[in-house]
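Asker: Sequence below, structure please.
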Amino acid sequence: MSSSSARSSGLALFLVLLAAAVVSYPCLRWGLPPGHDTSIHVQYLHYLNQQLRSGEVYPRWISGLNQGAGSPIFFIQYPLPYRAASWLQQVFQLPDGQAGEAHALGLFLSCCALLSGVSTWLWCRTRVGPLPALAASIVCLTAPYLLTFNLYVRAAIGEYCALAFVPLALACAHQLQERPRLAVAGMAATIAAILFSHLFTAVIFVPFLLLYAIACAPPGRMLEALVRAAAAVALGASLAAVYALPMALHRADFSLAGLTRRASGNYLYENQLIPFDRSLFPSSTRRWRILSRLAQAFPVALLALSAVRCRPGRVPLRIMLLAVGASGCLLLIASAPVIAADRMVGSIAPWVLEQRSQIFLSSFLTLEVGVLAWLSRAELAARLPAVLLLSALASAFMMSRASLPVWVHLRFLWTLQFPWRYAGLLSLFSVGLVGYALGDPWLGPHWSLRAAAAATCAFVWLVIAAGDGLAWEIRGKFAGALPPDPEPVFDVALSTYLKSDSALSLAGFGSDAGRPIFIGGSGAGTLLSVSSRHARLEATCPRPCTVVLRQVYFPGWRAQDATGVAIALRPSDKGLVELALPAGAHRVELTLPSGPGEIVGAIVSALALCVLAFLFLFRRENQIKVGR
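Answerer: Have a look, this model is predicted:
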């Protein structure tokens, strides 16, 4: 690398870091901004911290949640954001309590913004120069779904973190031929990080990653690239086995049916898949109406550009069909509110309907920019940009009601909760198209024309990004610290693991958390907490009795008396632990043992870590030059 190129790369990276600091300033300055999930994230970190400080290596049962009744949420909840935030809290000596934990989570999100910008720059840098890669990074950092909705509206720490790693995996795909060992190791580590950050993102991203790896390979080596990418995914899953394996084995203990019963309008797929009707674009405020009109007018310009760029004889037929098809689909979608017969509202809550349309609009505008970037390239027949365009269109399809048969037949996808999670990948694929377009000298050597085109594109993106932020009303989060939402009384995921059709109630236990309730008989007793996964019940029953403990029932818990005889546990009518005792004095040990999933998962992760270290440390390999 020449000195001038090194200086350009250094300056570009510095500007990427500066841009990341600017867009995440509220997180850096005040902590996790108030959003849909802010309070529960702070609560999770607070009680997780308590158990980490007590010496527990990997807390899964969180004793303090649900007013001390406990929760198995970290059997399935992603661990990386909370562990990293806990470490940041210690490093920067932030105070214990809600304020310090919210600040630690904010610092973590600022780190994710830095990672997102740098990883996007590294990805785009594999094919374009440092300055186009810089522009693509800024587009990524300000993408409406990624920044406005994910970070400042939802406070979706797991998804925001996972999407920051996605460009690194795509960058590794470019090296599968030239540096296969290093590329496989890097891709595996990235996949593991995505799994530890947000399982849903990993599930929907892996098919696109395999397709992208094939597209990066020369025509004769596509199968080889697919095998290497699949091996990297398998190694990444093995690295994350310490989390993923227990989660998979305990998945049956968590059900979305409870959420569906409690908030059916928000969790039914027919309500979240985007319908092409009059509810497609939001119109609740003037700002949303302006953005909606912009999104509806954009496809007309794209179709005109397609006609100019894709004249018969100038480009291959497949490219012509792709260009006209993509622009035509966007135009058809934009016309849906006009040609639709009626508004498909049904039983959907108005706020669900409005938010769904707002998410779609932000994603639709980003997709339109991606299509514009693809049409702006000099060489439309290039394989990788076409794959990115198809991936972005496929992501939009998976968000729409047209994809309902896919969701019905691939039942495992229902665990994603919201089909519009594909908007994150759609945004990143569009960012890649922007990087390719900015790095393509399609305007020739005339700098003035290139500058005018770049300025026009920058203005369009500024209008979209700023308009989306104003429409979502996030300006106040940059103006100063906002009061946090009140801490939830119970875990918001409680209905997924509560083994009861009625709501959890701790009435009758009084102020003494260790005092059990005796039903079907009388008695006295105390429940002592030995550790987060070990409790001791000391009870005396004059005659046979049934005891209800102030602890959420979870199938993994076991109980035995002082003689080692097992005692059956069952859920009470409120979802708490219930057990029957004969007459007499009893000392019952309740434990949540480490099951086979936790033990085997830790072993698999350790072995995979050794393989990863071998690939990184002993990567002497033939350098295969691949034409670009």
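
Asker: which regions of the chain sit below the pLDDT cut-off?
Answerer: Along the chain, the parts satisfying pLDDT under 70 run over 1-4, 257-266, 340-347, 440-454, 619-628.

Asker: the strands in it, which residues?
Answerer: 517-519, 524-531, 534-541, 545-552, 558-560, 570-571, 576-581, 584-591 (DSSP state E).

Asker: From the centroid of this structure, which residue is nearest?
Answerer: In the chain, the centroid-proximal residue (Cα atoms, centre = their mean) is Glu159; its distance is 2.0 Å.

Asker: Once you drop chain neighbours, what's closest to that one?
Answerer: Leaving aside its sequence neighbours, Glu159 sits nearest to His198 (Cβ to Cβ, 6 or more residues apart in numbering; 4.9 Å). All C-beta spots, glycine's among them, are computed from the backbone N, C-alpha and C.

Asker: same deal with Gly432?
Answerer: Leu388 (4.8 Å).

Asker: got the contact list for Ser556?
Answerer: For residue 556 the amino acid is Gly, not Ser. For Gly556, the contacting residues are 72, 250, 253, 592-593, 595, by Cβ atoms under 8 Å, 6 or more residues apart in numbering.

Asker: now Ser572
Answerer: 500, 548, 553, 578.

Asker: and stretch 348-356, which residues are buried?
Answerer: Buried positions in stretch 348-356, judged by neighbour count with 16 or more other Cβ atoms under 10 Å: 348, 352-356.

Asker: Alpha carbons of it, as CSV, please.
Answerer: These are the backbone C-alpha positions of stretch 348-356, laid out as CSV (Å, rounded to 0.1, in the frame of the first residue of the first chain):
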residue,chain,number,x,y,z
ILE,A,348,-55.3,-4.9,14.3
ALA,A,349,-54.7,-2.3,16.9
PRO,A,350,-54.3,1.2,15.3
TRP,A,351,-50.8,1.6,16.8
VAL,A,352,-49.7,-1.7,15.3
LEU,A,353,-51.0,-0.7,11.9
GLU,A,354,-49.3,2.6,12.0
GLN,A,355,-46.0,1.3,13.3
ARG,A,356,-45.9,-1.5,10.7
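
Asker: related to what we said a few turns ago, ok, of the buried residues of stretch 348-356, which one's closest to Phe509?
Answerer: Taking Cβ to Cβ as the measure, Val352 is the one of these closest to Phe509, at 35.5 Å.

Asker: Hmm, the closest one is touching Tyr267, no?
Answerer: No: assessed by Cβ atoms under 8 Å, Val352 is found out of contact with Tyr267, at 9.4 Å.

Asker: and the two most separated of the contacts of Ser572?
Answerer: Checking these with Cβ to Cβ, the most distant pair is Ser500 and Val548, at 11.9 Å.

Asker: between the two, which one's more packed in?
Answerer: Val548 (21 against 17; other Cβ atoms under 10 Å).

Asker: contacting residues around the residue nearest to Gly432?
Answerer: 212, 370, 374, 429-430, 432-433, 436.

Asker: residues of stretch 410-417 that come out buried?
Answerer: Per 16+ other Cβ under 10 Å, stretch 410-417 contains these buried residues: 413, 416.

Asker: so how far is that stretch from its chain's centroid?
Answerer: With Cα atoms, centre = their mean, to the nearest Å as the basis, stretch 410-417 stands 15 Å off its chain's centre.

Asker: End to end on it, go ahead and measure it.
Answerer: Terminal residues of stretch 410-417 are spaced 13 Å apart (Cα to Cα, to the nearest Å).

Asker: neighbouring contacts of that stretch?
Answerer: With Cβ under 8 Å, 6+ apart as the criterion, stretch 410-417 contacts 200, 203-204, 251, 256, 259, 267, 269, 406-407.

Asker: Take those residues and write them to JSON lines, including neighbour count.
Answerer: As requested, those are exported to JSON lines (neighbours: other Cβ atoms under 10 Å):
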{"residue": "Phe200", "neighbour count": "19"}
{"residue": "Val203", "neighbour count": "16"}
{"residue": "Ile204", "neighbour count": "17"}
{"residue": "Arg251", "neighbour count": "13"}
{"residue": "Leu256", "neighbour count": "14"}
{"residue": "Leu259", "neighbour count": "18"}
{"residue": "Tyr267", "neighbour count": "19"}
{"residue": "Tyr269", "neighbour count": "18"}
{"residue": "Val406", "neighbour count": "12"}
{"residue": "Trp407", "neighbour count": "18"}
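
Asker: what sits against the residue with the largest distance to the centre of the chain?
Answerer: In the chain, the residue that sits farthest from the middle, by Cα atoms, centre = their mean, is Pro542; the gap is 53.7 Å. Contacts for Pro542 (Cβ under 8 Å, 6+ apart) come out as 521-523, 583.

Asker: now with 7 Å?
Answerer: 522-523, 583 (Cβ atoms under 7 Å, 6 or more residues apart in numbering).

Asker: Okay, it and Leu581: tell me how far apart.
Answerer: According to Cβ to Cβ, to the nearest Å, Pro542 stands 11 Å off from Leu581.

Asker: How about Arg318?
Answerer: Distance from Arg318 to Leu581, by Cβ to Cβ: 74 Å.

Asker: what's the nearest residue to Asp37 if we skip its chain neighbours?
Answerer: Ala155 (5.0 Å).

Asker: Was I right to think that neighbour contacts Thr38?
Answerer: Yes: between Ala155 and Thr38 there is a contact under Cβ atoms under 7 Å: 4.4 Å.

Asker: Pull up the overlap in contacts between the two.
Answerer: Leu32.

Asker: what about Ala173, how many neighbours?
Answerer: 27.

Asker: residues contacting it?
Answerer: Contacts of Ala173 by Cβ under 7 Å, 6+ apart are 187, 209, 212-213, 216, 229.

Asker: Now tabulate these in CSV and tack on neighbour count and distance to Ala104.
Answerer: CSV is the format used below for those (neighbours: other Cβ atoms under 10 Å; distance: Cβ to Cβ, whole Å):
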residue, neighbour count, distance to Ala104
Met187, 27, 29
Leu209, 24, 31
Tyr212, 22, 34
Ala213, 28, 36
Cys216, 25, 38
Ala229, 27, 35
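
Asker: Tell me the one of those residues nearest Ala334?
Answerer: Tyr212 (28.0 Å).

Asker: for this structure, what's the longest helix?
Answerer: helix 98-125 (DSSP state H).

Asker: list the buried ones in it?
Answerer: For helix 98-125, using 16+ other Cβ under 10 Å, the buried residues are 98, 100-125.

Asker: What helices and strands are in contact with that helix?
Answerer: Applying 3 or more Cβ pairs under 7 Å, 6 or more residues apart in numbering; DSSP states H and E, one finds that helix 98-125 contacts helix 3-23, helix 25-30, helix 38-53, helix 80-91, helix 130-141, helix 157-173, helix 422-438.

Asker: among the ones you listed, which is nearest Asp573?
Answerer: Per Cβ to Cβ, nearest to Asp573 of these: helix 38-53, 25.9 Å.

Asker: Now tell me what touches the closest one from outside.
Answerer: 32, 59, 62, 64-65, 82, 85-86, 98, 101-102, 104-105, 155, 157, 484-488, 492, 532.

Asker: Mind checking which of those are buried?
Answerer: By 16+ other Cβ under 10 Å, the contacts of helix 38-53 give 32, 59, 62, 64-65, 82, 85-86, 98, 101-102, 104-105, 155, 157, 484, 532 as buried.

Asker: Who are the contact partners of Leu380?
Answerer: Here Leu380 is in contact with 309, 315, 319, 323 (criterion: Cβ under 7 Å, 6+ apart).

Asker: now it: how far from Ser327?
Answerer: 13 Å.

Asker: go on, Leu462?
Answerer: Taken as Cβ to Cβ, the span from Leu462 to Ser327 is 23 Å.

Asker: So which of these two has more stuff around it?
Answerer: Each of Leu462 and Ser327 has its neighbours counted (other Cβ under 10 Å); Ser327 has more, 25 against 11.
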